[in-house]
Each structure stands twice: as C-alpha cells, then as structure tokens.
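[1] Any chance you could fold what I've pasted below:
(one chain, ligands or ions: 3)
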Amino acid sequence: MSLVWRVAVPSPLRRLFHYLPPKQGATGNPVGCRVRVPFGSRQQVGVVTATGEHDGSVPFDKLRPVTELLDAEPLIPADMVALGRWAADYYHHPPGEVFEQLLPAALRRPVPASAGKRREWQLSESGKRQDPEKLRRAPRQRAMLTLLQQAGAAVGADELAVLGEGWRDVARRLEDKGLVVRRERMAAPPMSHGQGTGVALNPDQAAAVEEITRDENRFRCHLLEGVTGSGKTEVYLACIRRALEHGRQVLVLVPEIALTPQLTRRFREGLQARVALYHSGMGDGERRDTWLLAREGKLDVIIGTRSAIFLPLARPGLFILDEEHDSAYKQQEGWRYSARDLAVVRAREQAVNVVLGSATPSLESLRNAESGRYHRIRLPSRAGAARPPRLRLVDIRGEHLDAGLSGELLRAMDRHLAAGNQALLFLNRRGYAPVLVCHDCGWHAECLRCDARMTYHRGRNSLDCHHCGASRGVPRACPECAGGRLTLPGQGTERLEQALARRYPDYGISRIDRDTTRRAGTLESLLETARSGEARILVGTQMLAKGHDFPDLTLVGLIDADQGLMSADFRGPERTAQLITQVAGRAGRGEQVGEVLIQTRNPEHELLLHLIRDGYAKFARAALVEREQAALPPYSHLALLRAEAHRRDAVRDFLGEALDLGRQYGEDSGVGSAVLLMGPVPAPMERRAGRLRWQLMLQADARGPLHRLLAQWAPALETLKTARRVRWSLDVDPIELF
Ligand code: ADP
Ligand code: ZN
Ligand code: ZN
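    Numbers count the residues shown, from 1 in each chain. Ligands and ions are numbered 1, 2, ... in the order given. The predicted structure follows:
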C-alpha cells in the first residue's frame, strides 16, 4: 500500500486533492506543511491536511507527486489544521479556500516562512517635547505625534496602521521634520511595563474574574454580560494577567480597527507583556511577522479583528471577544465564517477559556447561556461612581423640526452645553440628504445600477450610491419634467452638522462618519478632539456608537430611532435595541448622570417602550420568546444559497435546479421533512451594482439533518451547468438575509 497526501488547494471545489509524496525531502510528518503541487496545467501552493492509504478514489496511475515540500516542519500547527478541517465541513466551503484564510497572504506564496525585521517609529528628543497643538494645521501629523507621545515608546506598523491609509506618508513627513526617527530591530515587539495590578475591582468584577480563571486548563465559554461602563475591560485585564502568570498567550478580538488604539493603550498601561495587533490595515509583511511570532510564542497578547481568530498560538491560554454581538465578526463575502463561533469551537478544541463580552449580547449567545452551554456572568451596574443614563422618548409627530432636531432636544443641548458638558447626536445616515426629489412630478434620483436612491453629498456636490459607490453630478432641472424645483428632504450627518454649526457657532463640532474619516489619522484626531473637550458637540453614525469613552459626555440624542424599526429582517428589532443601548451607553460615563433623548414618530412602539422601561436584558428575553414562537434562530437553523448574475433568468434557472436537487436529496436521505426549502425569492434589494440577486433559504429545527443535506447538496451544486452562468455562495448561519 502506498501513502498519499491529501492537500487543500485553493480552488472553488469542495474536496481535497490527492498527491504522492515528493520524490525527495519528505521525512517528517507533512500535515500542516505547505506544498507546491501541479494543479491542472499550473503549479499551486496548498496545505497538506492529512496523509493516508491510497483509497482508490483516483486511479493510482493518475496520481502525481508533490512538486516541492515548502516547509521543513508544519507551518500550520496540528490544532489549527483540525480547526480548518472542521470549519470546511461545517461551512460546506471549499477546503482550499479555508486553508488559504488560515495563512497570512504573504505565506500563500512559495516563499520561506521567516519573519523580517521589525520596523519601529519613535519620537526624537524634539518630538518628545513638541506640543501637538503646533501641528494643528496638519491634523494627521498631530494625530500620529499624539499617538506616539501617549505610547511613550517605539511603536510598530501594526499600531500606526490603525491611523488608516496613507499613514506611511504622514510618518515620513514627521521624520523630515526631525520629530520622529525610524529604526529596525529583530522580530518581537518590546515588553510593556504596565504597573500590572490594575484598579481595585468591585465585588461583581472580582467575582467575574474568579469564575473565569477558576479552571484554566479546561474549556468553558463565559458570556460576560456587563452594562455599558460596568468595567468589562478591567475584568479582561485581570484575567489576562492570570493567563500571563501561567505563561500562556491571550487572543483578544474586537469588531473593528478603530477600537484598537484605546484598548492597546490600556493594555500597555496595565500589563507587562509583549502586545501586538493584527488587522487588515497592516501590510502583508507585517501580518506575516505577527503571525509567525504568535506561532512561536514570542507574543503574549494579540489584539485583532475578525481574521485574528486564525493566528496560531504556541501556548493558548484565553480567548476574549469584546462586543460579541457585533455583526463585523461574521465575514460577509467568500467564506462566510463567524469568528465568534470559530472562537468557541477553537477554545473547546484547545481546552482554554473563552469570554464573550457585551452590554447587549446576541440572542444566540443568550440562548446558549439559558440552555447551559455558556456560563453567564453579569455585571449589572456601572463601575466606580458612574450611574446608568436616563432614557426618554421624544414624540416628534407633527413637530416642526430643524434639520431633524426637535425643540425638546435643542433645549436639552442648551442645558448640557451651558453646564460645560458634551453632547452626542447619533444619526445612522451619512451625507447631506438621503434623496433628491422633484417637487413637481415626484421623480427622485436613483442609482442606475442598484434598486436604491442616491444620497446627496454637499461637500463634494454629488449624488452618491451607498451600495455600489457610483457617483454623479446633480442635475439642474428635473430629468423627467424639466421643472426646476428639486428638493432635498430628510437629513444625513452632513446636514445635521451644518444646522448645528449655525445654531451653536461658539462650540467645536466633530462629525465622525465614513466621509470625514477616510484619510489616515483623521478618525484618531477627531476622537482626540472629542476626548480633549475641544469638540463639545459630536455628530456621527454607528462609528461613534461603539466602545468609546468620553468622560464629559452627558447628553445623547438619537435623531431617528424609527430607522431601524422598519427593517424587513427578523433581526431588525435585536439590532435596533443593541444600537440604541450602545449609543445611550456613551452618556454619563463620568461622575454626572447621562441623559438620552430618543426621537421617534412611533412613541407607542413596543420595542422602544420595552427597552426604555426594562432595559436590554428584559427586551432580549421577550425577543427570545417571539423567536421561539416563530421558530426562528436561535430556535432553528438557517442556511442561505445566494446567486447573482446580470440576467434574471440565469439566477432563477440555477436556483430552480438547486431547489429540485435539494428536495430530491431530502427525500433520498430521509431528512426531507426536517429541512424546509424556501424560495427562490429576490433579495430585498434585487439589483445591486448591475447584478440581480436571488436566494434560496433552508431552515431546520436541528443542525443534524440540515448539515446532512448540505453535505450532499453543496458539492452537487458545483456540477450543475446552470451554476456556470451565476455567482453563487452558501451561507451557513447567515446573519443578513439578502
Ligand atoms: P466597559 O468596557 O464595560 O464599557 P470599562 O472597563 O471601560 O467599561 O470601564 C468604564 C469606566 O469605569 C472606565 O473609566 C474605567 O476606568 C472605570 N472603572 C472600571 N472598573 C473600575 C473600578 N473597579 N473602580 C473604579 N473605576 C473603574
Ligand atoms: Zn419633475
Ligand atoms: Zn448603486
């Protein structure tokens, strides 16, 4: 009998490929090693996921040998190979693409796996003394200087990249001014020298730490449900310290890069550890180095976004996911994995504790806590002197609004600003106005490639589509009736900012949304003006809702709470409740009580009343009852087959065949009655960027039958002729239903 290597080769096929060992150089265990293999007429880099006897699935004389073994020892450790194999099965995704994601981009090529030198930037003597305000007119340079001064040490590209695209140019300019010097050193980042004790924990926090660290060598998933400002980060820090004392590594996931600088700073101040970041803003070489150092155990704490769940660790000791409810943990293209769910699976596999933290846990996690799979820990009150904010609905029916602002909200702003505090106005819609309408005939500006309206942006005087990025000029007259009365009803953050600037000319205003933060350093510098109190009024989209801490912020106004209430998605209410609670949680984090005004035209809406009267936890309980009655997740399990093409009939033909095939497999395997196939139906926004999008939904009470059907169905879909005319993808546990 002869041995074959089963290799995950990047391709859209749901199978491993079999090869003979290379003619030379193969001595040790190759599982986890990269190999170069012939694939069709080309050479590809793949990963050996298993070895075994030749099983006859391919005639022996058709087997070709591996061209080259690229790693002398497994690059992907055995525990991560196991995770990759599990994930390819669970998500019914091509293993080649799964294993590709397990590697940083720089190691997907046939190059040796070794780390380069680490580049660092640090302040020169004059940089240390420089007052950042001197760089007022160059806010991006000011942001970088401030970051370096606050770090108080040399900083690597992982941290500077958080400033956003173009940060290298900014660094170069500071180097030219003699404020910053660049240097290179071998590999790992330096040890931080935090005091290592932290604040005195309150009894709830101490109990949480005790629970989480009680048994360090066993898998347990803890759902840390702590109201905003309850001191979850201090709990994380205390748990991390314990793990470090035992010589273990800690992986901390956050939903977005913008949250890393604040967290990194607190970790450096509170820990003695080699702390590194891992996110998509870093260059390929930097990501490779962090990946390799983590694998070698030369990093102690890694803070990263979604893809950091694939970092191999030599001594894993604890996984933490902050804001576990955040949809950013779910990849929305290609392989649609959930980093949260993979973290739990990985923790079980590697016998470590995992902490899912949130003020507004997902209904999935709450259900897992209720059923005893997760262990629930509560921090019911704010830490220190801070008290919970007071929430109130403002009925704006029939009110005359100025750029969306009610009299009541404006009076509250006057009060809070006069008292020397800050106000945050939240509106989840960027741009000036969401639509351009003809007053005479009702025509409105629509995207030519999407079923969507164009948003008017005043700053660049253009109509932009927020779905495909299309942009065009503003017509002078109505293209339909040639009338000249074009109006701009409704508002976005740009219009709101303008109205506020008119009304409050003496107060600094910071608008924080995707438009104002595109360039490197702008987000950090805007956040800094908010933290320093230079900006007294903050206007922003959901970028402002998460995790940020502004001690003087006492008033939060939600301009349009109804936005989320109309959602077609069954998760709409959950998302809205999370968003409102998170935004409200920005108020009153210092000593003064926060006030939250929620503007709505639906003051009787049950969700809003529930949330205000009873808080998120009670809302969530009621929402779970509704989900159970409607047999929706987490009480059932979903998978979504999406397809898109330029022609509608191509999409319908494919999904129609897929439906027939699914029904047939269901009958043949006896799971037909346990799995419901629904559709095909068009996505809520059928046309996007010129493509027509349809979908087929599978629903089952239990995972078993669903996955048995998917295991047969997904590979069969690859062979359909109609599949060649569409782009299709399978989404297991979808969180967006379009
Ligand atoms: P969360 O992550 O739950 O929103 P943080 O950990 O950021 O909360 O804590 C909120 C605020 O309370 C921070 O300013 C933090 O320094 C402070 N804080 C946390 N724990 C304590 C404590 N035990 N005593 C005093 N202040 C605390
Ligand atoms: Zn018209
Ligand atoms: Zn568009």
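[2] hmm, who's touching stretch 57-64?
    With Cβ atoms under 8 Å, 6 or more residues apart in numbering as the test, stretch 57-64 has contacts from 2, 4, 18-20, 37-38, 54. Every residue, glycine included, has its C-beta placed from N, CA and C.
[3] Give the rounded mean pLDDT of it.
    Mean pLDDT, computed over stretch 57-64, is 85.
[4] buried ones in stretch 210-218?
    Of the residues in stretch 210-218, 211-213, 216 count as buried by neighbour count, 16 or more other Cβ atoms under 10 Å.
[5] same thing with stretch 661-668?
    661-662, 665-666.
[6] what do you get for stretch 651-663?
    So, applying 16+ other Cβ under 10 Å, buried residues of stretch 651-663: 651-659, 661-662.
[7] one step back: which of the buried residues of stretch 210-218 sits closest to residue 510?
    Nearest to residue 510 out of these is residue 212 (Cβ to Cβ; 36.6 Å).
[8] pretty sure the closest one is in a helix, no?
    Yes: counting by DSSP: H, G, I helix; E, B strand; the rest coil, residue 212 falls inside a helix.
[9] Looking at the buried residues of stretch 661-668, which gets the smallest pLDDT?
    Where pLDDT dips furthest among the buried residues of stretch 661-668: residue 666, at 87.
[10] just checking, that one is part of a strand?
    No: applying three-state DSSP, one finds residue 666 to be helix, outside a strand.
[11] quick one: secondary structure of the residue lying closest to it once chain neighbours are set aside?
    Spatial nearest neighbour of residue 666, chain neighbours left out: residue 672 (3.2 Å); criterion: Cβ to Cβ, 6 or more residues apart in numbering. Following three-state DSSP, residue 672 is assigned to coil.
[12] Ligand 3 contacts on the stretch 451-600 of the chain?
    By Cβ under 5 Å from the ion, the residues of the stretch 451-600 of the chain that approach ligand 3 are 465, 467-468, 470.
[13] I'd like the residues you listed laid out as CSV, including neighbour count, distance to ligand 1 and pLDDT.
    Formatted as CSV, these follow (neighbours: other Cβ atoms under 10 Å; distance: Cβ to the nearest ligand atom, whole Å; pLDDT from 0 to 100):
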residue, neighbour count, distance to ligand 1, pLDDT
465, 21, 36, 97
467, 17, 33, 94
468, 17, 36, 94
470, 18, 39, 95
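[14] hang on, the earlier thing: from the buried residues of stretch 651-663, which single one is nearest ligand 3?
    residue 651 (18.4 Å; Cβ to the ion).
[15] tell me the secondary structure for the closest one?
    helix.
[16] Tell me if I'm right that it and residue 642 touch.
    No: counting by Cβ atoms under 8 Å, residue 651 stays clear of residue 642, with 9.5 Å between them.
[17] and the residue nearest to residue 666, how far is that from residue 440?
    Counting by Cβ to Cβ, to the nearest Å, the gap from residue 672 to residue 440 is 56 Å.
[18] what's the answer for residue 113, then?
    Taken as Cβ to Cβ, the span from residue 113 to residue 440 is 66 Å.
[19] Looking at those two now, which is surrounded by more residues?
    Remark: of residue 113 and residue 440, residue 113 carries more neighbours, 19 against 15, as counted by other Cβ atoms under 10 Å.
[20] residues touching the more buried one, list them.
    34, 70-71, 75, 107, 288, 292.
[21] same question, residue 28
    With contact set as Cβ under 8 Å, 6+ apart, residue 28 has these partners: 72-73.
[22] Convert the C-alpha atoms of the helix ranked longest in the chain to PDB, please.
    Longest helix of the chain, by residue count under DSSP state H: helix 606-629. These are the backbone C-alpha positions of helix 606-629, laid out as PDB (Å, rounded to 0.1, in the frame of the first residue of the first chain):
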ATOM      1  CA  GLU A 606     -43.400  48.100  21.900                       C
ATOM      2  CA  LEU A 607     -39.700  47.600  21.300                       C
ATOM      3  CA  LEU A 608     -38.900  51.200  22.300                       C
ATOM      4  CA  LEU A 609     -41.100  51.100  25.300                       C
ATOM      5  CA  HIS A 610     -39.800  47.800  26.400                       C
ATOM      6  CA  LEU A 611     -36.200  49.000  26.100                       C
ATOM      7  CA  ILE A 612     -36.700  52.200  28.000                       C
ATOM      8  CA  ARG A 613     -38.800  50.700  30.800                       C
ATOM      9  CA  ASP A 614     -36.900  47.500  31.300                       C
ATOM     10  CA  GLY A 615     -33.500  47.700  29.700                       C
ATOM     11  CA  TYR A 616     -31.800  45.400  27.100                       C
ATOM     12  CA  ALA A 617     -31.800  42.200  29.200                       C
ATOM     13  CA  LYS A 618     -35.600  42.100  29.600                       C
ATOM     14  CA  PHE A 619     -36.100  43.200  26.000                       C
ATOM     15  CA  ALA A 620     -33.900  40.300  24.900                       C
ATOM     16  CA  ARG A 621     -35.900  37.800  27.000                       C
ATOM     17  CA  ALA A 622     -39.100  38.900  25.300                       C
ATOM     18  CA  ALA A 623     -37.500  38.800  21.900                       C
ATOM     19  CA  LEU A 624     -36.400  35.200  22.500                       C
ATOM     20  CA  VAL A 625     -39.900  34.200  23.300                       C
ATOM     21  CA  GLU A 626     -41.000  35.700  20.000                       C
ATOM     22  CA  ARG A 627     -38.300  33.900  18.100                       C
ATOM     23  CA  GLU A 628     -39.200  30.600  19.700                       C
ATOM     24  CA  GLN A 629     -42.900  31.000  18.700                       C
END
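[23] just how off-centre is it within its chain?
    Mean C-alpha position of helix 606-629 versus that of the full chain (Cα atoms, centre = their mean, to the nearest Å) differs by 25 Å.
[24] What number of residues are in the vicinity of the residue of the stretch 601-738 of the chain found nearest ligand 1?
    Nearest to ligand 1, among the residues of the stretch 601-738 of the chain, is residue 616, at 13.5 Å (Cβ to the nearest ligand atom). Residue 616: 25 surrounding residues under other Cβ under 10 Å.
[25] Could you do the one 4 residues further on as well?
    For residue 620, the tally of surrounding residues (other Cβ under 10 Å) stands at 25.
[26] Could you do the one 10 residues further on as well?
    Counted with other Cβ under 10 Å, the neighbours of residue 630 add up to 11.
[27] show me where the stretch 1-150 of the chain has helices.
    Along the stretch 1-150 of the chain, the segments classed as helices by DSSP state H, counting those that start in this stretch run 78-91, 95-102, 125-129, 139-151.
[28] Now for residue 470: which residues touch it?
    447-450, 454, 464.
[29] Run through this structure and note the low-pLDDT ranges.
    1, 186-187, 196-197, 520, 547, 738 (pLDDT under 70).
[30] quick one on the thing from earlier: which one of the buried residues of stretch 210-218 is nearest to residue 401?
    Using Cβ to Cβ, residue 212 comes nearest to residue 401 of those, at 47.2 Å.
[31] which residues touch that closest one?
    Residue 212 sits next to 222, 224, 235, 239, 353, 355, 377 when contact means Cβ under 8 Å, 6+ apart.
[32] if I look at it, how far off is ligand 1?
    15 Å (Cβ to the nearest ligand atom, to the nearest Å).
[33] Likewise for residue 532?
    Distance from residue 532 to ligand 1, by Cβ to the nearest ligand atom: 16 Å.
[34] cool, and residue 85?
    35 Å.
[35] since we're on that residue, how many residues are nearby?
    Using other Cβ under 10 Å, residue 85 has 18 other residues around it.
[36] nearest residue to it other than its sequence neighbours?
    Nearest residue to residue 85 in three dimensions, chain neighbours excluded: residue 49, at 5.9 Å (Cβ to Cβ, 6+ apart).
[37] next one: residue 357
    Nearest non-adjacent residue to residue 357, counting by Cβ to Cβ, 6+ apart: residue 224, 4.2 Å away.
[38] Show the contacting residues for the one you found.
    Contact analysis of residue 224 by Cβ under 8 Å, 6+ apart lists 208, 212, 232, 235, 355-358, 377, 379.
[39] repeat that for 7 Å
    Shown in contact with residue 224 (Cβ atoms under 7 Å, 6 or more residues apart in numbering): 208, 232, 235, 355-357, 377.
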